[in-house]
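Colleague: need a 3D model of the sequence below.
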Amino acid sequence: MKDCFRKAASRRNSLNYGTSAFVSFHHTKPIGFGEGGAVIIDRKYEMAVRQSINFGYDVPKGDVRWLAEGSNYKMSDVQAAFIYAYLDGFHDILDANMS
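Modeller: Alright, predicted model coming up:
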């Protein structure tokens, strides 16, 4: 398991080398917002990842059933909104960090 931001900073797309990729939004990263991150994953694994970040519950189907090991790995909506707005200018930010 490896954080893929270094490759993004080198302008190489490493987000599709395998079945999954992870990007950290830890405050020590160039795209830093405290905690959290992103998971880029093959669609066939999507439900398992969604369940693991949602305490292991099967909430997307409307049933609150515990199905798997999990915890609260979700970021807040406010944090997600800030990151989304920040990523809109990602190339400008990356260029500034590289110079």
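Colleague: give me the low-pLDDT residue ranges for the protein?
Modeller: 1-16, 30-31, 57-68, 70-73 (pLDDT under 70).
Colleague: all strands of it, in order?
Modeller: Assigned by DSSP state E, the strands in the chain fall at 20-24, 37-41.
Colleague: out of those strands, nearest to Glu69?
Modeller: strand 37-41 (15.9 Å; C-beta to C-beta). Yep, even glycine has a C-beta here, placed from its N, CA and C like the rest.
Colleague: domain parsing for the chain?
Modeller: 1-41, 42-76 (automatic domain parsing).
Colleague: hmm, back to that, could you export the strands of the chain as TSV, including mean neighbour count?
Modeller: What follows is the strands of the chain, written out as TSV (neighbours: other C-beta atoms under 10 Å):
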stretch	mean neighbour count
strand 20-24	17
strand 37-41	16
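Colleague: is it possible to get CSV of those that adds distance to Asn54?
Modeller: CSV is the format used below for the strands of the chain (distance: least, C-beta to C-beta, whole Å):
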stretch, distance to Asn54
strand 20-24, 17
strand 37-41, 13
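Colleague: those strands: which one's closest to Asp95?
Modeller: strand 20-24 (18.5 Å).
Colleague: now the angle between strand 37-41 and the closest one, please.
Modeller: 170 degrees (axes from the mean of the first three to the mean of the last three C-alpha atoms, to 10 degrees).
Colleague: Phe82 is in contact with Phe25, correct?
Modeller: No - Phe25 is not in contact with Phe82 according to C-beta atoms under 8 Å; the separation is 9.7 Å.
Colleague: for Asp77, which of the strands of the chain is the nearest?
Modeller: Short answer: strand 37-41, nearest of the strands of the chain by C-beta to C-beta, at 15.0 Å.
Colleague: strands paired with that closest one, and their directions?
Modeller: strand 20-24 (antiparallel) (DSSP bridges).
Colleague: quick one: Asn54 and Lys74 touch, right?
Modeller: Yes - assessed by C-beta under 8 Å, Asn54 is found in contact with Lys74 at 6.8 Å.
Colleague: for the lengthiest helix in the chain, which positions count as buried?
Modeller: Longest helix of the chain, by residue count under DSSP state H: helix 77-88. The neighbour-count check on helix 77-88 (16 or more other C-beta atoms under 10 Å) flags Ile83 as buried.
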